[in-house]
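Q: need coordinates for the below:
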Amino acid sequence: MGMSATFSNQVLALIFNGTAITGLAQNTTSSPYTSLYIALHTADPTGGTQSTSEIAYTGYARVAVTRTSGGFVVTSNVLNPAANIVFPTGSGGSGTATFMSIGVNATGATELLWSGGIAPSIVCGSGVTPTLTTATSLTQT
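A: Numbers count the residues shown, from 1 in each chain. Predicted structure coming up:
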């Protein structure tokens, strides 16, 4: 089973930009999510929650990104951050971020919406400020 490229792009725009799919789906009108949360992981979290294999260096926290075209760019079934996503600077601990995920809460074992590998991986720890650049992408297939 698959989706057409056009519909796949529309689904990404609905979820990440709040853009309605005419005649089919709209962003919730009463209390839509205004931000989505980006997390870093030391292993593939697919099949788990957003806390599965989540990195845990001292000072780490998920980063909120607005759920608009100002937060995410959707083009040809590819999702990119509209600006660099900068995580808190580590003050201790360690770990290597090899995956990222997108979810709906700042903390906890919450639903994992999307995840993907990070290339190159990010070695985290004291004095390191992990950053996902605008070149970071997730592709809907």
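Q: looking at this structure, which helix or strand does the model trust least?
A: Sorting the helices and strands of the chain by mean pLDDT, DSSP states H and E puts strand 138-139 at the bottom, at a mean of 84.
Q: partner strands of that strand, with direction?
A: Strand 138-139 sits in its sheet next to strand 78-81 (antiparallel), going by DSSP bridges.
Q: need the three-state assignment for the residue nearest the centre of the chain.
A: Nearest to the mean C-alpha position of the chain, counting by CA atoms, centre = their mean, stands residue 102 at 3.0 Å. Judged by DSSP: H, G, I helix; E, B strand; the rest coil, the three-state class of residue 102 is strand.
Q: next, the distance between the ends of stretch 31-38.
A: Distance across stretch 31-38, first residue to last, is 20 Å (CA to CA, to the nearest Å).
Q: who's in contact with it?
A: 16, 18, 50, 62-67, 71-72, 81, 85, 100-106, 113, 132 (CB atoms under 8 Å, 6 or more residues apart in numbering). Where you see a C-beta, it was placed from the backbone N, CA and C, and this is true even at glycine.
Q: can you rerun that using 10 Å?
A: 15-16, 18, 26-27, 50, 61-68, 71-72, 81, 85, 87, 100-107, 110, 113-114, 132, 136 (CB atoms under 10 Å, 6 or more residues apart in numbering).
Q: likewise stretch 101-117?
A: 12, 15-16, 33, 35-41, 44-54, 61-65, 67, 72, 79, 98-100, 136-140.
Q: try it again at 6 Å.
A: For stretch 101-117, the external contacting residues (CB atoms under 6 Å, 6 or more residues apart in numbering) are 33, 36-39, 45-46, 49-51, 62, 99, 138.
Q: what is the end-to-end distance of it?
A: 9 Å.
Q: residues of that stretch that come out buried?
A: Buried residues in stretch 101-117, defined by neighbour count with 16 or more other CB atoms under 10 Å: 101-103, 105, 110, 112, 114-116.
Q: what's the closest of the residues you listed to residue 2?
A: Taking CB to CB as the measure, residue 2 lies nearest residue 114 of these, at 17.0 Å.
Q: where do the helices of the protein begin and end?
A: 5-17 (DSSP state H).
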